[in-house]
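Trainee: pasted the sequence and its predicted model underneath.
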Amino acid sequence: MPQVTLSVNGKSHTVEVEGRTLLVELLREKLRLTGTHVGCDTSQCGACVVHMNGESVKSCTTLAVMCDGAQVTTIEGLAKTDGTLHPMQEAFREYHALQCGFCTPGMVMSAVDLVQKNPQGLSEQEIREGLEGNLCRCTGYHNIVKAIAAAQDVMHGRRESLAAAAE
Amino acid sequence: MYDFAYHKPSSLAEAARLLAADPDAKAIAGGHTLLPALKHRLNRPSSLVDLSGIAEMRGIRREGDSLVIGALTRHEAVARSSEVKSAIPALVHLAQHIGDTQVRNRGTIGGSVANNDPAADYPAAVLGLGATVRTSRREIPADEFFLGMFTTALEPDEILTAIAFPIPEKAGYAKMRNPASRYVMAGAFVSKGKMGVRVAINGAGPCVFRQAAMEAALAANWSPEAVAGIKQSADGLNSDIHGSAEYRAHLVSVMAKRAVQAAG
């Protein structure tokens, strides 16, 4: 079986996979990182979004063998090691940007990529368009958009904290 | 998904040899069309030849009065390219509206064109700009490349390496997306330049096609009004739960008008 060596959340792993093993299967079943979810399994819903070499990708539509040498970040790798949440996670909590929570890991990973790529700041409309690849079936989009709008100000240093953004 | 052997060649010659040696092998780039097809077991390749390690298939560059985009170029790279924006802004607009961010981060121009999905965006640009498809063994004009639904002039062991787009004076693209799937219901890519006036229609039929009556009308009078009144025949157009052939035929005229408006 092919072997892949990849970095996941800063830690190097060498894993044997089948040709057909998907990145999300490697993460969930081999590495037991079950924060990344499988929703539709057809690259539409975005529950499986992770970062690969700094870009958001759908891990249900990426072969594990094609990730040899890649740097992967999953939802588990977003918070600091001391447990301090990433500003985007903090904002999702602050703004109650989830109901059942199934889509949340993918939403957060897509949102972090979206905000990082747009340091000039995003309008509400641009945030909504940027979430095209993520579905929330509780239809909690309003609070998700509010959370991302607040988090971007913290991530780009325009505000010190979410408390300041909420005022 | 059935299992398969996996190869990652580092040169075009080696990739072509691997494909030639195994008639059931398939090439993969971003995999955003192939992997969903494999999951549905619509296809059962014995091996996948991963093209992503082939340096000569990368890059965006000007060659004289053409813009050459390597087959491995991802949609997001085209969407964010200042080189493409200055040469053919309509291509940037097209790339920005393919799928979603995550699809654009993985999907490639070569994969989209080689696959020739009726609802794909890039085939409209290739045909609408009169581009040349470069492969591992020859150059194929757009007019001879797209042969039918999911069918192109590519031989099984022939690899699409780059697309050379002649830089037009004007070009524009407009599409109507299915509200759920976001795939193209009908789209039009129009251009005017040394390749003449060209109108390519995607999404509406089983394969991208040129609309001769609209091209003649635009050659005489380049304006949205020139195409707005030209009716597209519904004969042979796609008809499904998302829209009848008649509806798509109507959309063709509307999209052509909007594409000319966008081109200015």
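Mentor: The structure has been received and is ready for your questions.

Trainee: what are the buried residues along stretch A:157-164?
Mentor: A:159, A:162 (16 or more other Cβ atoms under 10 Å in any protein chain shown). C-beta: built from backbone N, CA, C; applies to glycine.

Trainee: quick one: contacts for the residue of chain A found nearest chain B?
Mentor: Evaluated by Cβ to the nearest Cβ, chain A has residue A:133 as its residue closest to chain B, separated by 2.9 Å. Shown in contact with residue A:133 (Cβ atoms under 8 Å, 6 or more residues apart in numbering or on different chains): A:44, A:46, A:49, A:58, A:110, B:99-103.

Trainee: so which of these are in helices?
Mentor: Per DSSP state H, helices hold the following members of the contacts of residue A:133: A:110, B:101-103.

Trainee: among the residues you listed, which two are most distant?
Mentor: A:110 and B:103 (11.8 Å; Cβ to Cβ).

Trainee: those two: who's more crowded?
Mentor: residue A:110 (27 against 23; other Cβ atoms under 10 Å in any protein chain shown).

Trainee: ok, which stretches of chain A are strands?
Mentor: A:3-8, A:11-16, A:49-52, A:55-58, A:71-73 (DSSP state E).

Trainee: what of the stretch 151-264 of chain B?
Mentor: B:151-152, B:160-166, B:170-177, B:184-193, B:196-202, B:209-210 (DSSP state E, counting those that start in this stretch).

Trainee: list the residues that contact the most centrally placed residue in chain A.
Mentor: Per Cα atoms, centre = their mean, the C-alpha nearest to the average position across chain A is that of residue A:109, at 1.6 Å. Residue A:109 is in contact with A:49-51, A:56, A:73-75, A:78, counting by Cβ under 8 Å, 6+ apart.

Trainee: for those residues, which entry has the maximal number of neighbours?
Mentor: residue A:49 (33 neighbours).

Trainee: near chain B, which residues of chain A?
Mentor: Within chain A, the positions near chain B by Cβ under 8 Å from any Cβ of the partner chain are A:2, A:18-20, A:41-44, A:46, A:49, A:55-58, A:61-63, A:65-66, A:68, A:110, A:113-114, A:130, A:132-134.

Trainee: tell me which of the strands of the stretch 151-264 of chain B approaches residue A:156 most closely.
Mentor: strand B:170-177 (31.1 Å).

Trainee: direction included, what does the closest one pair up with?
Mentor: strand B:184-193 (antiparallel) (DSSP bridges).

Trainee: and the partner strand with strand B:160-166, angle?
Mentor: Using axes from the mean of the first three to the mean of the last three Cα atoms, to 10 degrees, the inter-axis angle of strand B:184-193 relative to strand B:160-166 is 50 degrees.

Trainee: now strand B:184-193 against strand B:196-202, angle please.
Mentor: Orientation check (the same axes, to 10 degrees): strand B:184-193 against strand B:196-202 gives 170 degrees.

Trainee: where do the helices sit along chain A?
Mentor: Listed in chain order, the helices of chain A (DSSP H) span A:23-25, A:87-94, A:104-117, A:124-130, A:141-155, A:162-166.

Trainee: if I pick residue B:28, what's in contact with it?
Mentor: Counted by Cβ under 8 Å, 6+ apart, residue B:28 has contacts A:63, A:66, B:34-35, B:48-51.

Trainee: neighbour-wise, which of the residues you listed leads?
Mentor: residue A:63 (27 neighbours).

Trainee: measure that residue to residue B:138 for me?
Mentor: Distance from residue A:63 to residue B:138, counting by Cβ to Cβ, to the nearest Å: 30 Å.

Trainee: swap in residue B:20?
Mentor: Distance from residue B:20 to residue B:138, by Cβ to Cβ: 15 Å.

Trainee: pLDDT wise, what is residue 161 at?
Mentor: Because you didn't say which chain, this covers chain A. pLDDT for residue A:161: 83.

Trainee: my bad, chain B
Mentor: The model's pLDDT for residue B:161 equals 98.

Trainee: again with residue B:182
Mentor: pLDDT at residue B:182 comes out at 86.

Trainee: which residues are in contact with it?
Mentor: A:132, B:99-100.

Trainee: which of the residues you listed are buried?
Mentor: A:132, B:99-100.

Trainee: OK, now which residue of the stretch 51-200 of chain B is nearest to chain A?
Mentor: Nearest residue of the stretch 51-200 of chain B to chain A (Cβ to the nearest Cβ) works out as residue B:100 at 2.9 Å.

Trainee: who does residue B:66 bridge with?
Mentor: With DSSP bridges as the rule, residue B:66 is bridged to residue B:63, residue B:166.

Trainee: what's around it, how many residues?
Mentor: Residues near residue B:66, counting by other Cβ under 10 Å: 17.

Trainee: list the contacts of it.
Mentor: Counting by Cβ under 8 Å, 6+ apart, the residues that residue B:66 touches are B:132, B:164-167.

Trainee: residues touching residue 114, list them.
Mentor: The chain I'm using is chain A. Contacts of residue A:114 (Cβ under 8 Å, 6+ apart): A:56, A:122, A:127, A:130-131, A:148, B:101.

Trainee: sorry, I should have been clearer: chain B.
Mentor: Counted by Cβ under 8 Å, 6+ apart, residue B:114 has contacts B:27, B:71, B:152, B:154, B:160.

Trainee: got the residues you listed as CSV, with neighbour count and distance to residue A:163 columns?
Mentor: Shown next, in CSV, are the contacts of residue B:114 (neighbours: other Cβ atoms under 10 Å in any protein chain shown; distance: Cβ to Cβ, whole Å):
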residue, neighbour count, distance to residue A:163
B:27, 25, 52
B:71, 26, 49
B:152, 21, 57
B:154, 20, 58
B:160, 26, 53
